[in-house]
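Asker: task: produce atomic coordinates for the following.
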Amino acid sequence: RESWKFVTKQELIDQGRKLIDVKWVFKIKDEPDHSKRYKSRIVTKGFQQIPGVDYTEKFSPVAQASSLRAGLSYTLYKNGWVCELVDIEAAFLEGRLKSKCYIKLPPGIVELGFMSKEQYEELCIELQGGMYGNVDAALLYFIRFTDYATKKNGLDMIQSLADPCVFYKKDGEGRTIAIVIVYVDDCCIMGEQEDVDEIKAKLKEEFGTVEDGKLRKLLGVRYEWHENKESGERHLEMHMNDKAEEIVKSYEKITGKAPKVYDTPGAPGEVLTKNEKEIIMLDEYRSMIGKLMFYTTKIAPECSYAVGQLARHMQNPGKQHWKALGRAVGYVKGKAKHSLIMRKPLEMRIVSFCDSSYGDCKDTRRSTGGDLHTIGGAIISWRAQLLKMICLSSTEAEYITLTEATKEQKFLQMLLEEVMECETPGMVYEDNEA
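Answerer: Sure, this is the predicted structure:
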C-alpha cells in the first residue's frame, strides 16, 4: 500500500516537526460463528496531532442505523435479493495524506529482532497513507472509497444525497439493482446474488477484503434469516443476547446481587428527580447506562423512555436512580432471548407514530417526546428524548414532537425515493385532541 517509509529523525529537527507517539492495541473479536479472533494493531496517539498542521478536517463514515434497517426491509421486500457483509482489510491505510505526518517506531521491534537499537534511535516513520489513530484517517479512507465507488471503471454507483454512506446502482430502466451501505470498514451489500458477487469481486481486487457471507453480525447485533418453507416468505430476527447477558453480569458484579425480573423497563408513572444527597458509584452508573443505551438503540425501542430518564442523571446518581436502573436491568434479564422481528413489508410506505408528555421532568419542567417509524409494518427508527425547550402547554409539546417525527419521516422518505421505492403519502399518527 506504500503507506509509510523510514526517515531519519534529523529531517524532523530540520523541519521543526514533532513525532507522534504510537502504541500496540490488542483485541479479542467475536466472530459471527461465535469463535474468537485475536488481533493486534499499531495505532497512533491522534490526540497529539495539531489541527491545521497534521490535519485540517475529520469525518466518520457511519451510515444511519435507520438507513441500514430500511435497506434490510427492502431486501425482504424484493424477492431474490440477498444481503452480504464485506470487511475492507486495513481500510484506514488506503487513504492518502494531504500533509506530512511523522510517528515514532513501535515499541518492541528491537526485542523482536527487526532492527538494531542504533537504528531504532536514529529512524522514525513518515506516513504516506492513513493510520489507525490519526484524526483524519477515516475521512481519507472514505474519500478513497467514494472515488472508487462512483467512477465508471470502479463500482459505477451513485452516492446518496440523503445519507452519504449509502451507495446505489440502477439499471437502464431506472430500477435499483444493488445497494452498498458503509459503516467505516464494513460494507453491507444488497441485491440479487449475481450483482452482489460482482461488487464483492471488484472491492476485493481494489482494496482487499474479508468476505463474511450472508449478514450474520454487525455492530453487536446478530441477524438470523428465516424462510417459510410453504409460502417462501422470509423474515429477519435481530437480537443481542450476548449483550443482554453482559448487562446482567455487569450489574451483578457491581451491586453483588441478581436483579429482580420485571415485565416493564420502568415503573408506570415514575419520574426520576435530581439527587440532592450523596452520589453513589458514579463511574459504575455511567458504565451501565452506556451498555443499556447501546442495547436500546439497536433492538429495544420499548426501553427508550426508561433508559432516557436514567441517562439524565449520569452526573449525580442516587439511591432512587440505582433502584430504577435495577428495574431496567431486570427487564433485560427477563427478556434474555429478546428479538426484534422484521417481516416482509406489505408496502414501501412510511407510517409514523408520535406522542408527548407535558412537563414531566420535575427538575427542568421540560417535556419528553417520542416517535416510532415503520415501513410496511417493519420498525425502522425510534427514539424518546427530552425536548430542547420548555413548553407552555401540552399542545405546544405535541407540536414540537410532531415536528421532530415529521423531520425523521422526511429523511426516510428522501432515502427511499432516491435509493429504493417509496409509496406516498406517508402517514403520521399523533395522539392529541388540541
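Asker: which stretches in the stretch 51-200 of the chain count as strands?
Answerer: With strands called from DSSP state E, counting those that start in this stretch, the stretch 51-200 of the chain shows them at 81-88, 96-103, 123-129, 158-159, 166-170, 176-183, 186-192.
Asker: just send these back as a markdown table, with mean pLDDT, distance to I42 and mean neighbour count too.
Answerer: From N, CA and C alone the C-beta is placed, and that goes for glycine too. Formatted as a markdown table, the strands of the stretch 51-200 of the chain follow (pLDDT from 0 to 100; distance: least, C-beta to C-beta, whole Å; neighbours: other C-beta atoms under 10 Å):
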| stretch | mean pLDDT | distance to I42 | mean neighbour count |
| --- | --- | --- | --- |
| strand 81-88 | 92 | 18 | 20 |
| strand 96-103 | 82 | 9 | 17 |
| strand 123-129 | 85 | 10 | 19 |
| strand 158-159 | 94 | 32 | 16 |
| strand 166-170 | 94 | 30 | 21 |
| strand 176-183 | 94 | 23 | 22 |
| strand 186-192 | 93 | 21 | 22 |
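Asker: as CSV, these with distance to E245 would be great.
Answerer: Shown next, in CSV, are the strands of the stretch 51-200 of the chain (distance: least, C-beta to C-beta, whole Å):
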stretch, distance to E245
strand 81-88, 23
strand 96-103, 39
strand 123-129, 39
strand 158-159, 39
strand 166-170, 33
strand 176-183, 24
strand 186-192, 24
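Asker: nearest to I109, of those?
Answerer: strand 123-129 (10.5 Å; C-beta to C-beta).
Asker: so which residues of the stretch 201-350 of the chain form strands?
Answerer: Using DSSP E, counting those that start in this stretch, strands in the stretch 201-350 of the chain cover 209-214, 217-218, 221-227, 234-239, 339-343, 350-356.
Asker: most tightly packed of those strands?
Answerer: For the strands of the stretch 201-350 of the chain, the largest average neighbour count (mean count of other C-beta atoms under 10 Å) is found in strand 350-356, namely a mean of 22.
Asker: which strands border that one, and is each parallel or antiparallel?
Answerer: Pairing partners of strand 350-356, with direction, according to DSSP bridges: strand 368-375 (antiparallel), strand 427-430 (parallel).
Asker: so which of the strands of the stretch 51-200 of the chain is nearest S394?
Answerer: strand 166-170 (37.5 Å).
Asker: C-alpha coordinates for that closest one, CSV please?
Answerer: Extracted as CSV, the C-alpha positions of strand 166-170 are listed here (Å, rounded to 0.1, in the frame of the first residue of the first chain):
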residue,chain,number,x,y,z
VAL,A,166,-25.3,4.8,1.1
PHE,A,167,-24.4,4.0,-2.5
TYR,A,168,-26.8,2.5,-5.1
LYS,A,169,-26.8,1.3,-8.7
LYS,A,170,-29.6,1.5,-11.2
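Asker: for G376, find the nearest of the strands of the stretch 51-200 of the chain.
Answerer: Of all the strands of the stretch 51-200 of the chain, strand 81-88 sits nearest to G376, with 14.9 Å by C-beta to C-beta.
Asker: contacts for the closest one next, please.
Answerer: Strand 81-88 is contacted from outside by 71-72, 74-75, 94, 145, 185-193, 196, 200, 203-204, 207-216, 218, using C-beta atoms under 8 Å, 6 or more residues apart in numbering.
Asker: which stretch among the strands of the stretch 51-200 of the chain comes nearest A138?
Answerer: strand 176-183 (10.8 Å).
Asker: just give me the neighbour total for K344.
Answerer: Number of residues near K344 (other C-beta atoms under 10 Å) recorded here: 17.
Asker: got it, and I13?
Answerer: Neighbour tally, I13, other C-beta under 10 Å: 9.
Asker: on that earlier part again, looking at the strands of the stretch 51-200 of the chain, which is closest to K319?
Answerer: Here strand 176-183 is closest among the strands of the stretch 51-200 of the chain (C-beta to C-beta), at 39.4 Å.
Asker: what packs against that closest one?
Answerer: For strand 176-183, the elements it packs on are helix 65-77, helix 137-150, strand 166-170, strand 186-192, helix 193-206, judged by 3 or more C-beta pairs under 8 Å, 6 or more residues apart in numbering; DSSP states H and E.
Asker: direction included, what does the fourth one pair up with?
Answerer: Meaning strand 186-192. strand 81-88 (antiparallel), strand 176-183 (antiparallel).
Asker: export the ones you listed to TSV and tack on distance to R17?
Answerer: Listed next are the strands paired with strand 186-192 as TSV, based on distance: least, C-beta to C-beta, whole Å:
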stretch	distance to R17
strand 81-88	30
strand 176-183	33
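Asker: out of these, which is closest to D242?
Answerer: Closest among these, once you apply C-beta to C-beta, is strand 81-88, at 17.6 Å.
Asker: which residues does the closest residue to K36 other than its chain neighbours contact?
Answerer: For K36, ignoring the flanking residues on the chain, the nearest one in space by C-beta to C-beta, 6 or more residues apart in numbering is I28 at 5.5 Å. Listed by C-beta under 8 Å, 6+ apart, the contact set of I28 reads 36-39.
Asker: which element is I28 on?
Answerer: strand 22-30 (DSSP states H and E).
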